[in-house]
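Student: Need coordinates for the below:
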Amino acid sequence: MRMILIFTMLLNGCGSSGGDNLPCTSEDCGPGPRLKLTAQDSFGHIQCTGDASDCVLDFGVLSPGLSAESWTDMENVGDATLRLSALLVTDPIFEVRHPAVELEPGEVLSFRIRVRLDAANQAQEAELYFDSDAVNGAAVESGCPEGAYGCGRITVKLRARSDS
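Tutor: Okay, the predicted model is just below:
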């Protein structure tokens with residue numbers, strides 16, 4: 001009987017799994033690092049489908065000459081170290097600064113995006129790229145550090161408008 005109990009514990013593990021980290025079931029799943037983007041409570045504006053698909057960060061309507069910022073959490077929800085090589089933005093009106101970084105599984109890092117529109121009736125759109133070895137990124141040719149599983153790019157659409 002003791003052997004059966006030990007064998008059952010080896011197969012099933014001990015205790016409750018808690019249910020907080022549900023296994024990945026989308027087509028972006030697989031072994032390796034996986035990036036998840038979420039808005040910080042009361043400070044973020046990003047909305048994504050799933051972990052990091054179809055992401056949009058909309059600052060809304062700003063008064064000319066005033067700036068706005070958004071804080072976003074990036075989390076490695078995968079099972080291996082995530083190597084983020086770059087955060088790149090396609091329009092310098094959106095400011096983001098972040099060095100290359102490694103995130104262990106379960107580790108969270110916050111970053112800030114800032115925008116300022118000086119003219120009235122202005123509409124700006126850009127893209128923010130996360131180049132990393134995340135398995136849920138779209139394939140790109142370069143930009144990932146050596147030793148990465150592969151190179152992937154997650155794209156976030158950035159939007160801001162000014163009123164008259």
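Student: and residue 95, what does it touch?
Tutor: 89, 113, 114, 115 (CB atoms under 8 Å, 6 or more residues apart in numbering). Every residue, glycine included, has its C-beta placed from N, CA and C.
Student: Beta-bridge partners for the residue nearest the centre of the chain, please?
Tutor: For the chain, residue 37 is the residue whose C-alpha lies nearest the centre (CA atoms, centre = their mean; 3.3 Å). Counting by DSSP bridges, residue 37 forms beta bridges with residue 74.
Student: quick one: it from residue 45, how far?
Tutor: 11 Å (CB to CB, to the nearest Å).
Student: Repeat that for residue 101.
Tutor: 22 Å.
Student: Which parts of the chain are helices?
Tutor: Under the criterion DSSP state H, the chain contains helices at 2-12.
Student: can you give me the strands for it?
Tutor: Along the chain, the segments classed as strands by DSSP state E run 35-39, 46-49, 53-62, 67-76, 82-89, 94-96, 101-103, 108-116, 123-132, 138-139, 152-162.
Student: Show me what the first one is packed up against.
Tutor: Spelled out, it's strand 35-39. Using 3 or more CB pairs under 8 Å, 6 or more residues apart in numbering; DSSP states H and E as the contact criterion, the elements in contact with strand 35-39 are strand 46-49, strand 67-76, strand 152-162.
Student: gap between the second one and the chain center?
Tutor: The chain centroid and the centroid of strand 67-76 are separated by 9 Å, computed with CA atoms, centre = their mean, to the nearest Å.
Student: related to what we said a few turns ago, quick one, which of residue 101 and residue 45 is more surrounded?
Tutor: residue 45 (20 against 15; other CB atoms under 10 Å).
Student: surely the more buried one meets residue 39?
Tutor: Yes - between residue 45 and residue 39 there is a contact at 6.0 Å, judged by CB atoms under 8 Å.
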